[in-house]
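> Structural data only, the sequence is not supplied:
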């Protein structure tokens, strides 16, 4: 599956639904609001590297099957294609909990236009797949998690803030963010 992505010589579209929305880490020509149909954003991945450790996992978002997801589509110039894919593989596939996928996305400002985009789907068979957790469980992992890329709490709050900027309401994520803000102000955690 990875070979066709690197062999194509045209511009690359990348779909971000979590930290890629607010910290892409690669050069791009365009940044557009977009929708992916057939998968949804879920806080369903135990983080062992970026936002936690195997001993004290954090929790991060995965693109899980079913539903739809609003996020950001980035168009990367053809000459940056291979470099960008290499960067994304190093960032997103450090423990292989995500599968590299080529998915059709619709651009919000032109609902008739869709493009093929590279994105990363959660592997439900991976040991880091958390599935659907209760709010109390999510709070526990988000409070304890701290990894290579920082605190899990900061990741959730930054993602909730970006979703608000996109005018996207994710009730469960926003409820979690409110709880994390409240516990930080009250307990200094």
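That came through fine. Note that the coordinates shown come from a computational prediction; the quantities given were computed from them, not determined experimentally.

> contact partners of stretch 117-125?
Residues from elsewhere that reach stretch 117-125 (CB atoms under 8 Å, 6 or more residues apart in numbering): 5, 12-17, 34, 36, 39, 42, 44-45, 62-65, 73, 85, 88, 92-93, 96-105, 129, 131. The C-beta positions use only the backbone N, C-alpha and C, and glycine is treated the same way.

> Among the residues you listed, the buried ones, what's the ChimeraX command?
Selecting only the buried entries of the contacts of stretch 117-125 in ChimeraX, with 16 or more other CB atoms under 10 Å as the criterion:
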select :5,12,13,14,15,16,17,34,36,39,42,44,45,62,63,64,73,85,88,92,97,98,99,100,101,103,105
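
> The protein: helices as residue ranges?
Taking DSSP state H to define them, one finds helices in the chain at 2-7, 19-22, 81-92, 135-144, 152-165, 171-187.

> how about these, which one is nearest residue 49?
Among those, helix 81-92 comes nearest to residue 49, with 10.0 Å by CB to CB.

> thinking again about what came up before, residue 112: which of the helices of the chain is closest?
Shortest distance between residue 112 and the helices of the chain, using CB to CB, is found for helix 19-22: 23.4 Å.

> about what we covered before: would TSV of the helices of the chain with mean pLDDT be doable?
Shown next, in TSV, are the helices of the chain (pLDDT from 0 to 100):
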stretch	mean pLDDT
helix 2-7	44
helix 19-22	96
helix 81-92	97
helix 135-144	97
helix 152-165	96
helix 171-187	80
